[in-house]
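Asker: Using only what follows, build the 3D model:
(2 chains)
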Amino acid sequence: MNAIYILWLRQIKRHFRSKSRLIGSLAQPLLFLLALGYGFGPIFQKAGEGNYLEFLAPGIIGMSIIFSATFSGMELIWDRQFGFLKETLVAPISRFNIMLGRTLGGATVATTQGILVLLMSLAAGFRPISYLNIFFAISIMLLVSLLFTALGTAIASHLEDMQGFHLIVNFLVMPLFFLSGALFPLEGLPKTIVSLAKINPLTYGVDALRNILTDISQFGLLTDISVLLAVAFLFLLIGSYSFSKIQV
Amino acid sequence: MEAIQVKNLTKKFNGLTAVDNISFSVKKGELFAFLGPNGAGKSTTIKMLTTLLRQNSGRIKINGYDTLKDPNEVRRSFGIVFQDPSLDDELTAYENMEFHGILYSIPRKVRRERVKELLKFVELWDRRKDLVKKFSSGMKRRLEIARGFIHHPKILFLDEPTLGLDSQTRNHVWHYIQKLNTKNKTTIFFTTHYLEEAEKIAKRIVIIDNGKIIADGSAKELKEKTDASSLEKAFLKLTGKNIREEIGTGIDRMRLFRNKR
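Answerer: Here you go, the predicted model:
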């Protein structure tokens, strides 16, 4: 138990100590929120879809979470390269608990990130249907964070160095983000794109957040949460299996 | 009883045999040196002994537990100071120590006392609140050694513990290791390139070269066998004078055979 806690704490400390990382990870969502939110606002309105910022804010929260969570999971590669991973792997704790501590830490970091983006959205003019719903939204953020941290860990367990990192970002994280309905509604899009979006777990995360914060929903909250829980569980299983097979 | 038992251990990397069917054992409480030129297979062997790497064939028992079947029990039995860095640069010296103490579930009171005592021992107590990334390589090495001593395992692996340290600190560290060995009956398994250290400290020496064990005995026995005046000379007679090449990323990962034979 203590071991899980100290592994969790380490992820938190590392994240909040690095000022450049903190600022960098908030700059991108802020840019998206302002540039797209204000830029596409009028067109969106003219198309009869309502307020774009309302639509976009949950999507950008989802974006900040998928980036932050996947990267947290993939910090494993750094730890392997800088040697610290060995220190934890020879300790008398099960690999599963190590993976759990790291994943919870990464997920906490990603959730904090999501909350900060939510606060930025509020400052930019986003209004949720009820402020009380924010607490519910935070638990969804945590679920989505867990899911993608576990995915990041699973991938990083198979990578020896940083070479593969950009590949993962460009061919996995970016497409997942763009094909999640974070930026545009999925209705009326070509079938292929809709099918791709439907097998993308982020789609359900964004949909759940949108449902809770703005009452717009495509799949309904029950479907969203069921899919997120199932996929998070699956990724945690795959992540801990991959992690248990690591050789240094 | 034996602390470490190795039987017919073999490890191959991409067709190269890094460790070639070796067998040896280390008695409980023994001060044991595992020597060999660069790329001989030392680190690969240590990685297999400490559950970081799985062998292709052969069996290892640490404190009576099989490394493949009972890795958790094995990990409970040993401590290790690694050859290459294994600190978290983004944490302070104190946090690195504390992290280790908690991972090894040392009660808070004992942990605090030992961390303080050990940080003073390696003269880093005044720098305990500094991030490790600000440390010089010698300071990092000292911190790693101090960290390795926080918990008192039955078996302690030391992979070139004194590499990059000045002679004062080296003396200091060996003294501490000897004390652990006599007082706590800790089995010590160490590697070093300073052969005079091995000669002075080790009760038994095994030499590995090209993945095979080529000598086993006390420093005195090895010197007599090779008719040499020092362990260093005995070592050179046994392993030859060619400089070994290491390629690839892992230290022992890839090995070129001597003279491409």
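
Asker: Can you give me the end-to-end span of stretch B:24-31?
Answerer: 14 Å (Cα to Cα, to the nearest Å).

Asker: Centre of the chain to it, how far?
Answerer: Relative to the centre of its chain, stretch B:24-31 is centred 14 Å away, using Cα atoms, centre = their mean, to the nearest Å.

Asker: buried sites along that stretch?
Answerer: By 16 or more other Cβ atoms under 10 Å in any protein chain shown, the buried positions in stretch B:24-31 come out as B:24, B:26, B:29-31. In this view, the C-beta of every residue, glycine as well, is placed from N, C-alpha and C.

Asker: Within range of chain B, give me the residues from chain A.
Answerer: Chain A comes close to chain B at residues A:2-3, A:5-6, A:10, A:13-14, A:17-18, A:82-84, A:86-94, A:160-161, A:247-248, as judged by Cβ under 8 Å from any Cβ of the partner chain.

Asker: Which of those residues fall in helices?
Answerer: Counted as lying in helices by DSSP state H, out of the residues of chain A next to chain B, are A:2-3, A:5-6, A:10, A:13-14, A:17, A:84, A:86-89.

Asker: Please list only the buried members of those residues.
Answerer: Listed as buried from these are A:3, A:6, A:10, A:13-14, A:84, A:86-89; burial here means 16+ other Cβ under 10 Å.

Asker: Mind putting these into CSV with pLDDT?
Answerer: Listed next are those as CSV, based on pLDDT from 0 to 100:
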residue, pLDDT
A:Ala3, 94
A:Ile6, 96
A:Arg10, 96
A:Lys13, 95
A:Arg14, 92
A:Phe84, 95
A:Lys86, 95
A:Glu87, 95
A:Thr88, 95
A:Leu89, 95
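
Asker: Just name the closest of those residues to A:Ile60, please.
Answerer: A:Arg14 (24.4 Å; Cβ to Cβ).

Asker: Kindly provide the distance from the closest one to A:Gly106.
Answerer: Counting by Cβ to Cβ, to the nearest Å, the gap from A:Arg14 to A:Gly106 is 10 Å.

Asker: Equivalent analysis for A:Leu30, please.
Answerer: 22 Å.

Asker: More neighbours: those two, which one.
Answerer: A:Gly106 (30 against 17; other Cβ atoms under 10 Å in any protein chain shown).

Asker: The more buried one is in what secondary structure piece?
Answerer: Under the criterion of DSSP states H and E, A:Gly106 resides in helix A:95-124.

Asker: Can you pull the residues of chain B lying near chain A?
Answerer: Residues of chain B lying close to chain A by Cβ under 8 Å from any Cβ are B:47, B:50-54, B:72, B:75-76, B:78, B:80, B:82, B:84-91, B:95, B:98-100, B:102-105, B:131, B:249.

Asker: In helices, which of those residues fall?
Answerer: Mapping the residues of chain B next to chain A onto helices (DSSP H) picks out B:47, B:72, B:75-76, B:95, B:98-100, B:102-103.

Asker: looking at those residues, which has the most residues close by?
Answerer: In terms of neighbours by other Cβ under 10 Å, those top out with B:Lys47 at 27 neighbours.

Asker: How confident was the prediction at that residue?
Answerer: Note on B:Lys47: pLDDT of 95.

Asker: my guess is it contacts B:Gln55, does it?
Answerer: No: distance between B:Lys47 and B:Gln55: 9.6 Å, which falls outside the contact criterion (Cβ atoms under 8 Å).

Asker: residue contacts, B:Lys140?
Answerer: B:Lys140 sits next to B:85, B:87, B:132 when contact means Cβ atoms under 8 Å, 6 or more residues apart in numbering or on different chains.

Asker: next one: the strand or helix carrying A:Leu202 to chain centre, how far?
Answerer: For A:Leu202, the enclosing helix or strand under DSSP H and E is helix A:201-214. Remark: helix A:201-214 is offset 12 Å from the chain centroid, using Cα atoms, centre = their mean.

Asker: still on that earlier bit, for the helix or strand following the helix holding A:Gly106, name the packing helices and strands.
Answerer: Remark: after helix A:95-124, the chain's next helix or strand is helix A:133-156, criterion DSSP H and E. Helices and strands touching helix A:133-156, by 3 or more Cβ pairs under 8 Å, 6 or more residues apart in numbering or on different chains; DSSP states H and E, are helix A:52-81, helix A:95-124, helix A:201-214, helix A:221-244.

Asker: Specify the angle between helix A:133-156 and helix A:95-124 in degrees.
Answerer: 130 degrees (axes from the mean of the first three to the mean of the last three Cα atoms, to 10 degrees).

Asker: Need the mean per-residue confidence for helix A:133-156.
Answerer: 97.

Asker: before we move on, what about stretch A:182-190?
Answerer: Across stretch A:182-190, pLDDT averages out at 91.

Asker: Would you format the contacts of B:Lys140 as TSV with neighbour count and pLDDT included?
Answerer: Listed next are the contacts of B:Lys140 as TSV, based on neighbours: other Cβ atoms under 10 Å in any protein chain shown; pLDDT from 0 to 100:
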residue	neighbour count	pLDDT
B:Pro85	17	90
B:Leu87	24	96
B:Val132	20	97
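
Asker: List just the nearest of those residues to chain A.
Answerer: Using Cβ to the nearest Cβ, B:Pro85 is the member of the contacts of B:Lys140 that lies nearest chain A, at 4.5 Å.

Asker: quick one: the spatially closest residue to the closest one that is not a sequence neighbour from A:Lys19, how far?
Answerer: Excluding its sequence neighbours, the residue lying closest to B:Pro85 (Cβ to Cβ, 6 or more residues apart in numbering or on different chains) is A:Gly83, at 4.5 Å. Computed with Cβ to Cβ, the distance linking A:Gly83 and A:Lys19 is 24 Å.

Asker: more crowded one of the two?
Answerer: More neighbours surround A:Gly83 than the other of A:Gly83 and A:Lys19, with 18 against 8 (other Cβ under 10 Å).
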